[in-house]
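Visitor: this is the structure alone, sequence omitted:
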């Protein structure tokens, strides 16, 4: 009985996230001039371990993480800053 109650609580809590789902493909712009900056993704299985490790290293790059975090903070301040 407790499991059913917990399940219903989780479903009720996450209900709004299902309605606000955004398809990531709609954010991919086709008018890029620099192909290196274009976002690429794949749903296929990774063929080699070296490819997996390269992708993993790119995801865990501390410098990129810090730069993206700072850009996000700056964007949030510009959009919702003290004067807005």
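Guide: Nice, thanks for sending it over. Quantities reported herein were computed from a predicted structural model and do not represent experimental measurements. Numbering: from 1, shown residues only.
Visitor: avg pLDDT for the helix or strand containing residue 68?
Guide: Assigned by DSSP states H and E, residue 68 falls within helix 62-80. Across helix 62-80, pLDDT averages out at 89.
Visitor: what residues does that helix touch?
Guide: The contact list for helix 62-80 (C-beta atoms under 8 Å, 6 or more residues apart in numbering) reads residue 58. Placement of C-beta: from N, CA and C, glycine included.
Visitor: from here on, call the first residue 62.
Guide: Will do, 62 is the new start, and the previous item becomes helix 123-141.
Visitor: which parts of the protein are strands?
Guide: For the chain, strands defined by DSSP state E do not occur.
Visitor: flag the shaky bits of it, pLDDT-wise.
Guide: 62, 74-83, 85-100, 144-145 (pLDDT under 70).
Visitor: now with 90?
Guide: Counting by pLDDT under 90, the chain contains low-confidence ranges at 62-123, 125-126, 129, 136-145.
Visitor: now do the helices in it.
Guide: For the chain, the helices defined by DSSP state H cover 63-80, 110-120, 123-141.
Visitor: right, and these - which one's nearest residue 104?
Guide: Residue 104 sits nearest to helix 110-120 of all the helices of the chain, at 13.5 Å, using C-beta to C-beta.
Visitor: what residues of the closest one count as buried?
Guide: Buried residues in helix 110-120, defined by neighbour count with 16 or more other C-beta atoms under 10 Å: none.
Visitor: between helix 123-141 and that helix, find me the angle.
Guide: 40 degrees (axes from the mean of the first three to the mean of the last three C-alpha atoms, to 10 degrees).
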